[in-house]
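Student: sequence-free structure coming up:
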C-alpha cells in the first residue's frame, strides 16, 4: 500500500480558524456545563411562575436578576469616542415638560390588555436613567467632565453621597421593606439621577438658559390651564378622559372641586393648589432673571408681563406655600439686584437707595404681616386655615416622640404610616416636610438633607455675588440660590414631593455653574496676563465648553 493511499484513508481533523482553538474540556466539565444549563432553565421556569403570581407586589425583587444582568452588560461595554449625550439631553428636557403639564394621577391603560397602568413620567425618566448609566460606562470624556464639575464643590458631592447612603440603610429599617424599596428606587431615579444629569448638562453653554426658558413656558401654559379650570370650577379633563387614559381611583375625591371661604382653589395639572404654588415660586426667580438680566428687550418685556401673571395664579390657588415662596423670591432677589447694581454701577443711586431702604422695607413687611388681616391670614393662617395650623401642632406633638424612639428613621416612604395622623376626611397625611424627613430618614438624615439644600443655596448666592462675567448661564446662580431658599421655607407647610425633581435639578445646576464660573474667571486671568508678557492686546475669554475637563 502506498503512502498516498494511506493518507487518503486516514481521518482528517477539520481546520480551526484563528483566534479560536480546539476545546480541551474533559467529559466532567462538559457534564457540569449541561447541569448548569438545566439548572438555569429550571430557575427561569420557576422565576417566571413566581413572577406571574407575585409581580404586582414584589416587582422590584422579581426584576432583580434582569437588573443585575443589565448592569453587568453595561459595565462590559467598551469605551466609545462619543456617548449618547444628545439623547440624554432630550429625555431630560422632555421630562421637565411632562412633569409640569401632565397630571401625575393620570396613567396610560390599554383596555382589555391585562397590562399595568403606566405613568408617562416613568416612560421618560426610566430610559433617561439608563442612558445616563450608559454614558458613564462608555465615555471617558463624559466621566472626566462630570468629575470636574463635582470636584468644583466637593461638599455638595459628599452631602449627596451621604444622603444616598442614608436613604439606602433606611430600607431594611422599614416595617414594609418592599414598599420602601420601591420608594428608594423612585428617589434614585427622580432625585439623585436628576442631580447628576443636571451637573453634566448644565456645564454645557446655553443649557441653563434653555432649562429656565422651558420651565417659564411650562409655567405659563400651566397657568392658562389654571385660569380655564377657575372658570369651570373643576379640572377641564374631569369626565372627558378617553378609554386609554385612567385616573387613580384614590385621586377622584382629591381632585374634586375645593373651596376655601367660598373661593375655588385652582390646582391646574397638580394634585392640589399647594403644589401649583410651590412650582410658581420655583419659577419666579428665573423669570426675574430674564426680566432684569442681560437679555433682549423682547425677552425682558415678556418676562415682566409674566411676573404679575404668576402672582395671580398663586392667589387663585389660595396656597399659603406659594405666597410665602413669592415673598422669599422678591425679598431676596430685590436685595441681590440692588447689591449688584451698586457694585457694577458706582455712579447710580438706585442700588444704594434700594440697599439702604431694605431695613425699613423689612420692618414694613413684618408690621403688615402682624397687623394687616389679609396679609397675616395668607402668611400665618387664620379663619378657614386654623384647622391646618392646629393639624400641624398635633402632628408635631405626635411625631417628635416617634422620632426620638427611632433616631435612624422608620424607612423611606413610611413617614405617614409611622405618624398615623388622619385628616377629618379619613386621609392619612403629614402637613410639614420637616417632620416627614425626620420620620423617614431619622435625625442624621434630616441634618444631611437640609444641609445639602442650604449649602447649595449658600454656594450659589456666594458665587453669584462675585460674578463679573457676562455669560448668560451664570446669571442664574442667584435664581438657583433663591429657589432653594424658598423651597426650604415652603417645606415647613407643604410635604408633598411633587416638585422635588426640579429642586434636585437646581442643586445639580449649582456645581455646574460654579465650575463654569471658575473656568471663565481663570481663562480671563490667563488672557489678561498674557498680553503683559507678549506685548499683545487683550483677548476674549475662552468658552469653558472648549476647555479640557479637569479631573
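Tutor: Received the coordinates, thanks. Nothing here was measured: the structure is a model prediction, and the numbers come from that model.

Student: Sketch out the low-pLDDT regions of the stretch 201-350 of the chain for me.
Tutor: Scanning the stretch 201-350 of the chain with the threshold set as pLDDT under 70 gives 250, 252-253, 256-262.

Student: Do a quick rundown of the strands in it.
Tutor: Taking DSSP state E, counting those that start in this stretch, the strands of the stretch 201-350 of the chain run over residues 245-247, 259-260, 263-264.

Student: I'd say residue 340 and residue 461 touch.
Tutor: No. Residue 340 is not in contact with residue 461 according to CB atoms under 8 Å; the separation is 11.6 Å. Every C-beta, even on glycine, is put in place using the N, C-alpha and C of the backbone.

Student: count of neighbours near residue 240?
Tutor: Here the number of neighbours of residue 240 (other CB atoms under 10 Å) works out to 8.

Student: Can you find the helix or strand in the protein with the smallest mean pLDDT?
Tutor: In the chain, no helix or strand scores lower on mean pLDDT, DSSP states H and E than helix 3-9, which sits at a mean of 50.

Student: and residue 355, what element?
Tutor: helix 350-371 (DSSP states H and E).

Student: and what of residue 180?
Tutor: With DSSP H and E as the test, residue 180 turns up in helix 177-187.

Student: Quick one: list the elements packing against that helix.
Tutor: Here helix 177-187 touches helix 59-62, helix 154-169, going by 3 or more CB pairs under 8 Å, 6 or more residues apart in numbering; DSSP states H and E.

Student: could those helices go into a markdown table alongside distance to residue 254?
Tutor: Shown next, in a markdown table, are those (distance: least, CB to CB, whole Å):
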| stretch | distance to residue 254 |
| --- | --- |
| helix 59-62 | 25 |
| helix 154-169 | 27 |
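
Student: least reliable of the ones you listed going by mean pLDDT?
Tutor: Comparing mean pLDDT across the helices and strands packed on helix 177-187, the weakest is helix 59-62, with a mean of 61.

Student: Can you tell me what sits against the helix or strand just after that one?
Tutor: Later in the chain than helix 59-62, the nearest helix or strand by DSSP H and E is helix 64-75. By CB atoms under 8 Å, 6 or more residues apart in numbering, the residues outside helix 64-75 that reach it are 47, 133, 134, 137.

Student: same question for helix 64-75, mean pLDDT?
Tutor: 71.

Student: and the next element down the chain from it?
Tutor: Next element after helix 64-75 (DSSP H and E): helix 85-101.

Student: Distance of the closest residue to residue 334 other than its chain neighbours relative to residue 121?
Tutor: Once flanking residues are discounted, residue 334 sits nearest to residue 354: 6.8 Å by CB to CB, 6 or more residues apart in numbering. Distance, residue 354 to residue 121, using CB to CB, to the nearest Å: 41 Å.

Student: got it, and residue 179?
Tutor: Distance from residue 179 to residue 121, by CB to CB: 19 Å.

Student: which ones are touching residue 483?
Tutor: Taking CB under 8 Å, 6+ apart, one finds 281, 282, 285, 286, 329, 503, 506 in contact with residue 483.

Student: How about the secondary structure of residue 107?
Tutor: strand (DSSP: H, G, I helix; E, B strand; the rest coil).

Student: Contact partners for it?
Tutor: By CB under 8 Å, 6+ apart, residue 107 lies in contact with 117, 118, 119, 120, 245, 246, 247, 248.

Student: redo that, cut-off 6 Å
Tutor: Shown in contact with residue 107 (CB atoms under 6 Å, 6 or more residues apart in numbering): 117, 118, 119, 246.

Student: and it, bridged to which residues?
Tutor: Beta-bridge partners of residue 107, counted by DSSP bridges, are residue 246.

Student: Tell me the pLDDT of it.
Tutor: So residue 107 comes in at 84 (pLDDT).

Student: Ok, residue 13 next?
Tutor: pLDDT, read off for residue 13, is 59.

Student: Test my guess that residue 150 contacts residue 159.
Tutor: No. Residue 150 is beyond contact range of residue 159, at 11.6 Å (criterion: CB atoms under 6 Å).

Student: remind me, longest helix of this protein?
Tutor: Longest helix of the chain, by residue count under DSSP state H: helix 500-534.

Student: Give the buried residues for it.
Tutor: Buried positions in helix 500-534, judged by neighbour count with 16 or more other CB atoms under 10 Å: 500-517, 519-521, 523-524.

Student: which other residues reach stretch 280-290?
Tutor: In contact with stretch 280-290 (CB under 6 Å, 6+ apart) are residues 212, 215-216, 219, 299, 303, 306, 310, 313-314, 322, 325-326, 329, 333, 475-476, 479, 482-483, 486, 502.

Student: Only the buried members of the residues you listed: can you turn that into a PyMOL selection?
Tutor: Selection of the buried residues among these in PyMOL, burial being defined by 16+ other CB under 10 Å:
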select buried, resi 212+215+216+219+303+306+310+313+314+322+325+326+329+333+475+476+479+482+483+486+502
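
Student: before we move on, back to that, nearest to residue 142 among the contacts of residue 483?
Tutor: Set against residue 142, the nearest of the contacts of residue 483 by CB to CB is residue 506 (21.7 Å).

Student: Assign the spatially closest residue to the closest one that is not a sequence neighbour to helix, strand or coil.
Tutor: Spatial nearest neighbour of residue 506, chain neighbours left out: residue 480 (5.0 Å); criterion: CB to CB, 6+ apart. Using three-state DSSP, the structure places residue 480 in helix.

Student: thought residue 480 was touching residue 460?
Tutor: Yes. Counting by CB under 6 Å, residue 480 does reach residue 460; the two are 4.4 Å apart.

Student: Neighbour count: those two, which is higher?
Tutor: residue 480 (31 against 28).

Student: how close does residue 196 sit to residue 74?
Tutor: In terms of CB to CB, residue 196 sits 16 Å off from residue 74.

Student: Equivalent analysis for residue 36, please.
Tutor: On the measure of CB to CB, residue 36 and residue 74 end up 24 Å apart.

Student: Settle it for me: which of these two has more neighbours?
Tutor: The residue with more neighbours, out of residue 36 and residue 74, is residue 74; 14 against 10, by other CB under 10 Å.

Student: So for that one, what's the nearest residue that isn't a sequence neighbour?
Tutor: Among residues not flanking residue 74 along the chain, residue 137 sits closest, at 4.9 Å (CB to CB, 6+ apart).

Student: that's a helix at that neighbour, yeah?
Tutor: Yes. The assignment for residue 137 by three-state DSSP puts it in a helix.

Student: can you count the residues close to it?
Tutor: Residue 137 - counted by other CB under 10 Å - has 19 other residues nearby.

Student: The residue nearest to residue 334 and residue 337 touch, don't they?
Tutor: No. Using CB under 6 Å, residue 354 is not in contact with residue 337, being 7.5 Å away.

Student: Please list the outside residues in contact with stretch 401-408.
Tutor: Against stretch 401-408 from outside (CB under 6 Å, 6+ apart): 418, 438, 442, 443.

Student: Scan those residues and report the most crowded one.
Tutor: Counting by other CB under 10 Å, top hit in the contacts of stretch 401-408: residue 438 with 27 neighbours.

Student: Quick check, pLDDT for it.
Tutor: 93.

Student: List phi and psi for residue 423.
Tutor: phi -70, psi 170 (degrees, to the nearest 10).

Student: Could you count how many residues lie near residue 470?
Tutor: Residue 470: 10 neighbours (other CB under 10 Å).

Student: ok, for it, nearest residue in space, not its chain neighbours?
Tutor: residue 294 (6.2 Å).

Student: Can you report phi and psi for that neighbour?
Tutor: For residue 294, the backbone dihedrals (degrees, to the nearest 10) come out as phi -80, psi 70.

Student: Thank you kindly, that will do.
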